[in-house]
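Q: Dropping the sequence and predicted coords here.
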Amino acid sequence: MKKMKFKTNRRKTLILWILIIPVVFFGQNNTEQLFEPRQVKADIDTLISKMKDIHPTFQVHYKATNLESSIDSIKKSITKPMSKLDFFRIMQPIVSIDGHTTLLYNGPLYDKEDSPLFPFKVIIYNNALYIKENLSENETLVKGSLIDKINGISSETIIHKLYKYIRGEKEAYQAKKLEESFHVFMALVYGSFSDFSITVNKSKYHLKGTNWNAFQEASKPKFELRFYDDDIAYIYKRMFFPPQDFMHFMDSAFTIISEKKINHLIIDNLIGGGLTDLADSLITYFTDKPFNMMEMKKTKVSDLTKEFIEDKKPKGSIQDDYFIEKYAKHSSDCENRFSGKTYILTGPRSYSAGTCFSAAAKCYQSATIVGEESGQPLLSNGDQNQFVLPETNMSVVTALSIVYMPCNNDDTIQGVLPDYYCAPTLDDLLNDREYTLEYTLQLIRESKY
């Protein structure tokens, strides 16, 4: 089988469209390190200074939101020693201004309780919180029940406070990330409890917390190929990563699709992230039209991008502290290219390379987009690297570039809009229905008759 060529980036500077997940340790820690106010304030100064130098839009954001006043107030309030978790709580809302920028907290969430986690898996729907799975000892609390309050605080208030700690530009994306880790962010922001006072469907309950093991789930496969009705193929990919496995799977999948003479192809892009080079390669499997994944990229010149820019200098130019690359449309030959109709499933968790992929396919009319708006704006920040704060040793992940996706229209708010909009019901979400796939299958079947 002939394989498409894929260039691996071997530079020391990390220029990937891959999302980094904060690491949190769950366990005992009786000697948690505390930092003196002078150390904390020094790290705040370092953090703000380096973000201005490295992040592509933080300087503008700093001025537009009058962050100087907020930082001054925060520093004045620091009068006692604090932990890394305390530092995370005061600074993460300042840092997490896009989906590629965040503090990495790598300390414990609790040090005294055995079961301190919120005892439900949840769904967020219309800014309300619902029980998806009951992990408590009270078996009367069923799936779909509305959680009104937690420890006397309304669920809506809690949701909007936790959004401030979740990186991302769009609330729909943040809501999905919060659903996945609600128990973690509750502990990160509100603290750990051995039990909870919870109001469900207007009735009050006193419930013990649960432990980390209760939230473990079997992992889904990285890739999957299915067939429906003899002439419909469905490809699932968790991410545009890892390179070798991704390309091997796609080569194999499109060979089989060609052999079966499939007429309709559905690509599941509901979860995004990964490498844009792989997203680019996947598009060549179903179109011969010229396209690009980005119209332009502006990378902030800094110590973190110095090697990358030096390597790329012949392909761009430096203007006003940014290295600017403009991308021409291209096409490529691909063995077993699919020639039928392609549908791409997109939603709030289609982010980073996932948004680029849908944006390129829609802009150059290579596929029909089905689902909901993507989680990232078409003009937003991308790429990432990290630096370490000297006093607390906290790591800061920062975006490095401003990315102009295809047909962005200079819009910093709107993501990829679907050609066919398909929103879930609460029941769809509670029961993990593949509602976007089901809608697309119905769309294809109706088109055939």
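A: Yes, it's here.

Q: What separation do you get for the spatially most central residue of the chain and residue 322?
A: For the chain, the residue nearest the mean C-alpha position is residue 351 (5.5 Å; C-alpha atoms, centre = their mean). Distance of residue 351 to residue 322, given as C-beta to C-beta, to the nearest Å: 23 Å. The C-beta positions use only the backbone N, C-alpha and C, and glycine is treated the same way.

Q: Residue 276 too?
A: 19 Å.

Q: More neighbours: the two, which one.
A: residue 276 (24 against 19; other C-beta atoms under 10 Å).

Q: mind listing what the more buried one touches?
A: Listed by C-beta atoms under 8 Å, 6 or more residues apart in numbering, the contact partners of residue 276 are 17, 240, 293, 294, 353, 356.

Q: Need the buried ones from those selected in ChimeraX.
A: Buried residues within the contacts of residue 276, by 16 or more other C-beta atoms under 10 Å, are selected in ChimeraX with:
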select :17,240,293,294,353,356
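
Q: From what I see, residue 236 and residue 249 are in contact.
A: No - with contact defined as C-beta atoms under 8 Å, residue 236 does not count as touching residue 249 (10.1 Å).

Q: Mutual contacts of the two, please.
A: What both residue 236 and residue 249 touch, as defined by C-beta under 8 Å, 6+ apart, is the set 223, 225.

Q: Look at these two and report which has more neighbours.
A: Using other C-beta under 10 Å as the criterion, residue 236 and residue 249 rank with residue 236 on top: 20 against 17.

Q: so when I look at the more buried one, I'm seeing a helix, right?
A: No - read with DSSP: H, G, I helix; E, B strand; the rest coil, residue 236 is strand and lies in no helix.

Q: quick one: it from residue 280, how far?
A: Relative to residue 280, residue 236 is positioned 19 Å away (C-beta to C-beta).

Q: where do the helices sit along the chain?
A: Using DSSP state H, the helices of the chain run over 37-54, 58-64, 67-77, 84-95, 155-163, 171-180, 182-190, 243-259, 276-284, 306-312, 353-363, 426-430, 435-448.

Q: got any ranges where the stretch 101-250 of the chain has weak pLDDT?
A: Scanning the stretch 101-250 of the chain for pLDDT under 70 picks out 110-112.

Q: Residue 279 reaches residue 239, doesn't it?
A: No - counting by C-beta under 8 Å, residue 279 stays clear of residue 239, with 10.1 Å between them.

Q: Report how many residues lie close to residue 348.
A: By other C-beta under 10 Å, neighbour count at residue 348 equals 23.

Q: Pretty sure residue 179 is one of the things it touches, is it not?
A: No - counting by C-beta under 8 Å, residue 348 sits too far from residue 179 to count as a contact (10.3 Å).

Q: do you know how far residue 331 is from residue 313?
A: 26 Å.

Q: oh, I was asking about residue 206
A: Taking C-beta to C-beta, one finds residue 206 at 64 Å from residue 313.

Q: For stretch 35-42, which outside residues touch it?
A: Taking C-beta under 8 Å, 6+ apart as the rule, stretch 35-42 contacts 43, 75, 78-84, 87, 390-392.

Q: 10 Å instead, please
A: Stretch 35-42 is contacted by residues 34, 43, 71, 74-84, 86-87, 90-91, 389-394 when judged by C-beta atoms under 10 Å, 6 or more residues apart in numbering.

Q: Go ahead and build a PyMOL selection from the buried members of the residues you listed.
A: The buried residues among the contacts of stretch 35-42 can be selected in PyMOL (16+ other C-beta under 10 Å) with this line:
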select buried, resi 43+71+74+78+82+83+84+86+87+91+389+391+392+394
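
Q: In the stretch 101-250 of the chain, what residue spans correspond to strands?
A: Remark: strands assigned in the stretch 101-250 of the chain by DSSP state E, counting those that start in this stretch are 102-104, 120-125, 128-134, 146-150, 153-154, 195-200, 203-208, 223-228, 232-237.

Q: Let me see the contact set for residue 49.
A: So residue 49 contacts nothing (C-beta under 10 Å, 6+ apart).

Q: And it, how close does it get to residue 390?
A: 12 Å.

Q: now do residue 235
A: Computed as C-beta to C-beta, the residue 235 to residue 390 distance reads 46 Å.

Q: for residue 134, same thing?
A: 45 Å.

Q: Please read off the pLDDT at residue 9 from the model.
A: Residue 9 is assigned a predicted lDDT (pLDDT) of 37.

Q: before we move on, what about the one 5 residues further on?
A: Residue 14 is assigned 35 on the pLDDT scale.

Q: and what of residue 284?
A: For residue 284, the model assigns a pLDDT of 97.

Q: Return the residues in contact with it.
A: So residue 284 contacts 4, 250, 291, 330, 331, 332, 333, 334, 337, 366 (C-beta under 10 Å, 6+ apart).

Q: Residue 177 touches residue 273, doesn't it?
A: No - Residue 177 sits out of contact with residue 273 when judged by C-beta atoms under 10 Å, with a separation of 11.5 Å.

Q: circling back to that earlier point, take the helices of the chain and write them to CSV, including distance to residue 413.
A: Output for these, formatted as CSV (distance: least, C-beta to C-beta, whole Å):
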stretch, distance to residue 413
helix 37-54, 22
helix 58-64, 15
helix 67-77, 20
helix 84-95, 20
helix 155-163, 16
helix 171-180, 11
helix 182-190, 24
helix 243-259, 31
helix 276-284, 22
helix 306-312, 28
helix 353-363, 13
helix 426-430, 24
helix 435-448, 23
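
Q: now, of the ones you listed, which is deepest in the fold?
A: Greatest average neighbour count among the helices of the chain goes to helix 353-363 (a mean of 27), per mean count of other C-beta atoms under 10 Å.

Q: Next, the angle strand 232-237 makes with that one.
A: With axes from the mean of the first three to the mean of the last three C-alpha atoms, to 10 degrees as the basis, helix 353-363 and strand 232-237 are set at 140 degrees to each other.

Q: okay, the contacts of residue 284 in CSV with distance to residue 377 next?
A: Formatted as CSV, these follow (distance: C-beta to C-beta, whole Å):
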residue, distance to residue 377
4, 30
250, 28
291, 20
330, 24
331, 27
332, 28
333, 33
334, 30
337, 31
366, 21
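
Q: who wins for most neighbours among those residues?
A: If you count neighbours using other C-beta under 10 Å, the busiest of the contacts of residue 284 is residue 250, which has 23 neighbours.
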